[in-house]
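Asker: sequence-free structure coming up:
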């Protein structure tokens, strides 16, 4: 702390020494050129700010013409536009004061005290020295301090007696503009650039004189970077939300009724074949059903051909044993004991009877 205080003391001392060596008191011949240069500097700064304001107004018009309009960002830009507009207005007033003092430089040189009609002009220039970026005002401030003393400078800095120009003080104030003024600027910009826009959140009558509220993001587009549009978000994942939304479309089944599997199952992958439920009354084959076994008839010897049919042509096929129209004499009652075909027939019949059991 002592080190910093020592550095401040040394800097103030050096500044006073430099002022004493290179600044020899009030000089009307040095003050008048500085006033003229300040007028030109104010004009250059005003032209620069005016050009930037036109560009800002065009950008605000583009923001309000978008769908949806970027209203909150446009309000912030409008607030900066109002501040620049106020600065240009204050620069023009300060230009007039500098021109007046330059014309009355002889009066200032001849009088020891400040003329009453020039107290407001000189005090306003001293007050604005630290609030505008005009380097000539610092030299003008030193000339008036050496002419009228430090007490006069302190009164000007503290606006003792309300001697400052009220309009300049208001335009260079650090307080934000009223919300109603911001909305009026936006409406006039829309009229100038032919933009059809209405405020989504209009200013309430009770808040017209208050500063603009902080942005909450209602004008920020959802998923604007990807262009996918609005999506449902929540505590659940997107897959869970999709599953719930698909189930919500299925009507609820009455109590006690059977719900087929196809009513709740959702086919997600096209490569998986869908399964259709079969009626409950239809028979389904399984391993426990009895198979249908076809048992062929026992082959028999061909019947004898009568002599009347000899030489008349090919013989007709012989019907099997037991066929209607055949003679009982030609039907064997059972295969002979030593015949292998009869044994196979009996084994097959026995197996068939065991399966029926």
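Answerer: Arrived safely. The shown structure was predicted, so the numbers you read here are calculated from the model rather than taken from an experiment.
Asker: shouldn't residue 52 be in contact with residue 83?
Answerer: No: Residue 52 lies out of contact with residue 83 (C-beta atoms under 8 Å); the separation is 11.7 Å. To be clear about C-beta, it is placed using only N, CA and C from the backbone, and glycine gets the same treatment.
Asker: low pLDDT regions in the chain?
Answerer: 1-24, 229-343, 357 (pLDDT under 70).
Asker: buried residues in the lengthiest helix in the chain?
Answerer: In terms of residue count, the longest helix belonging to the chain (DSSP state H) is helix 28-65. Buried residues in helix 28-65, counted by 16 or more other C-beta atoms under 10 Å: 31-32, 34-35, 37-39, 41-42, 45-46, 53, 56-57, 60-61, 63-64.
Asker: all strands for the stretch 1-150 of the chain, in order.
Answerer: Remark: no strands are assigned in the stretch 1-150 of the chain by DSSP state E, counting those that start in this stretch.
Asker: my error: substitute the stretch 151-300 of the chain in the last question.
Answerer: Counting by DSSP E, counting those that start in this stretch, the stretch 151-300 of the chain contains no strands.
Asker: run through the residues that contact the closest residue to residue 82 other than its chain neighbours.
Answerer: Among residues not flanking residue 82 along the chain, residue 177 sits closest, at 4.6 Å (C-beta to C-beta, 6 or more residues apart in numbering). Counting by C-beta atoms under 8 Å, 6 or more residues apart in numbering, residue 177 makes contact with 79, 82, 83, 211, 212.
Asker: what subset of those residues is buried?
Answerer: Here, 16+ other C-beta under 10 Å leaves 79, 82, 83, 212 buried among these.
Asker: which of these sits closest to residue 98?
Answerer: residue 83 (22.3 Å; C-beta to C-beta).
Asker: spatially nearest residue to the closest one (excluding sequence neighbours)?
Answerer: residue 177 (7.4 Å).
Asker: do residue 101 as well
Answerer: residue 35 (5.5 Å).
Asker: surely the one you found is in contact with residue 104?
Answerer: No: using C-beta under 8 Å as the test, residue 35 is too far from residue 104 to be in contact (10.1 Å).
Asker: hang on, isn't residue 218 packed against residue 70?
Answerer: No: Residue 218 lies out of contact with residue 70 (C-beta under 8 Å); the separation is 10.7 Å.
Asker: who's more crowded, those two?
Answerer: The neighbour count for residue 218 versus residue 70, taken as other C-beta atoms under 10 Å, is higher for residue 70 (19 against 10).
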